[in-house]
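S.K.: sequence isn't available, so here's the structure alone:
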């Protein structure tokens, strides 16, 4: 259990709680474990184990996208199980709120991908957004974005305008809140890059997700979760309110 905990970057006690049934195993857990054990998820017995995971049968579309990295596939699996996701982004619009044109520009930039792979990832990103509007238990999404996101002309000015208009529309949904952190807020605790904090049904611990140049990290120790929660509370306090943020977005669209 200590070895597996080290591979999964979590505590051995969490592995023990999964094995004992104390906490309900999540699709992302199963996918990560199979990956670390070298078990092919598309062949037996990996396929059967994944199908046995509660809820995966209705939300396993991402396994058909061969262009997705293992970590991204795992994140999507976790997102489909989460009840709430808190997200901070300093430069780009979060993937769950990107338009097709904006997503295409983001994925095309800096990726050594064939055109077909780019299209597959764009399609996957748009499909992933379905958790925000699904009929049963839509994801509660709270996003804080830097004011820089409003000015970074990803894909050009027209694409950016379309993206900002989309943010205004999405902010009107009851399960989505968007806050803009203005430049005037000055220094803050989230000066190391973007991150997400996912919450699940009662009994499942929160999960942190951080993207770095060296790769993606999943964090779930109580200390790491506490730090991420503290940083996010700091951002929400410094940022414009959701209503003020929508006004800021509209003002940017009118210029």
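M.R.: Received the coordinates, thanks. Just so you know, these numbers come straight off a predicted model, no measurement behind them. Numbers count the residues shown, from 1 in each chain.

S.K.: show me where the stretch 101-250 of the chain has its helices.
M.R.: Secondary structure of the stretch 101-250 of the chain (DSSP state H, counting those that start in this stretch): helices located at 115-128, 157-171, 222-238, 242-254.

S.K.: give me the buried positions along the second one.
M.R.: Neighbour counts over helix 157-171 (16 or more other Cβ atoms under 10 Å) mark 159-160, 163-164, 166-168, 170-171 as buried. Quick note: C-beta positions are derived from backbone N, CA and C, even for glycine.

S.K.: same thing with the longest one?
M.R.: Of all the residues in helix 222-238, those buried under the rule 16+ other Cβ under 10 Å are 224-225, 228, 231-232, 234-236, 238.

S.K.: what sits up against it?
M.R.: Outside of helix 222-238, the residues within contact range by Cβ atoms under 8 Å, 6 or more residues apart in numbering are 86, 88, 142, 144, 179, 181, 185, 188-190, 195, 197, 205-208, 219.

S.K.: give me the residue ranges of the stretch 101-250 of the chain where confidence is low.
M.R.: 110-111 (pLDDT under 70).

S.K.: just put the helices of the stretch 101-250 of the chain in TSV and tack on distance to residue 26.
M.R.: Listed next are the helices of the stretch 101-250 of the chain as TSV, based on distance: least, Cβ to Cβ, whole Å:
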stretch	distance to residue 26
helix 115-128	16
helix 157-171	26
helix 222-238	16
helix 242-254	29
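
S.K.: which one of these lies nearest to residue 100?
M.R.: Residue 100 sits nearest to helix 115-128 of all the helices of the stretch 101-250 of the chain, at 6.1 Å, using Cβ to Cβ.

S.K.: I'd like to know which elements the closest one is packed against.
M.R.: Applying 3 or more Cβ pairs under 8 Å, 6 or more residues apart in numbering; DSSP states H and E, one finds that helix 115-128 contacts helix 70-81, helix 100-108.

S.K.: hmm, 7 Å instead?
M.R.: Applying 3 or more Cβ pairs under 7 Å, 6 or more residues apart in numbering; DSSP states H and E, one finds that helix 115-128 makes contact with helix 100-108.

S.K.: before we move on, back to that, just the buried residues of helix 157-171 now: which is nearest residue 245?
M.R.: Nearest to residue 245 out of the buried residues of helix 157-171 is residue 171 (Cβ to Cβ; 7.3 Å).

S.K.: the closest one contacts residue 246, correct?
M.R.: Yes - taking contacts as Cβ atoms under 7 Å, residue 171 lies within contact range of residue 246: 5.2 Å.

S.K.: the residue positioned nearest the centre of the chain and residue 88: what is the separation?
M.R.: With distances taken as Cα atoms, centre = their mean, residue 196 lies nearest the centre of the chain, 5.9 Å away. Computed as Cβ to Cβ, to the nearest Å, the residue 196 to residue 88 distance reads 8 Å.

S.K.: find residues that contact each of the two.
M.R.: Between them, residue 196 and residue 88 share no contacting residue under Cβ atoms under 7 Å, 6 or more residues apart in numbering.

S.K.: leaving out the residues flanking it, which one is nearest to residue 252?
M.R.: In space, residue 252 comes closest to residue 150 once its chain neighbours are excluded; the distance is 5.0 Å by Cβ to Cβ, 6 or more residues apart in numbering.

S.K.: thinking that neighbour is in contact with residue 253, fair?
M.R.: No - using Cβ under 7 Å, residue 150 makes no contact with residue 253, being 9.5 Å away.

S.K.: in stretch 235-249, what counts as buried?
M.R.: Of all the residues in stretch 235-249, those buried under the rule 16+ other Cβ under 10 Å are 235-236, 238-240, 242, 245-246, 248-249.
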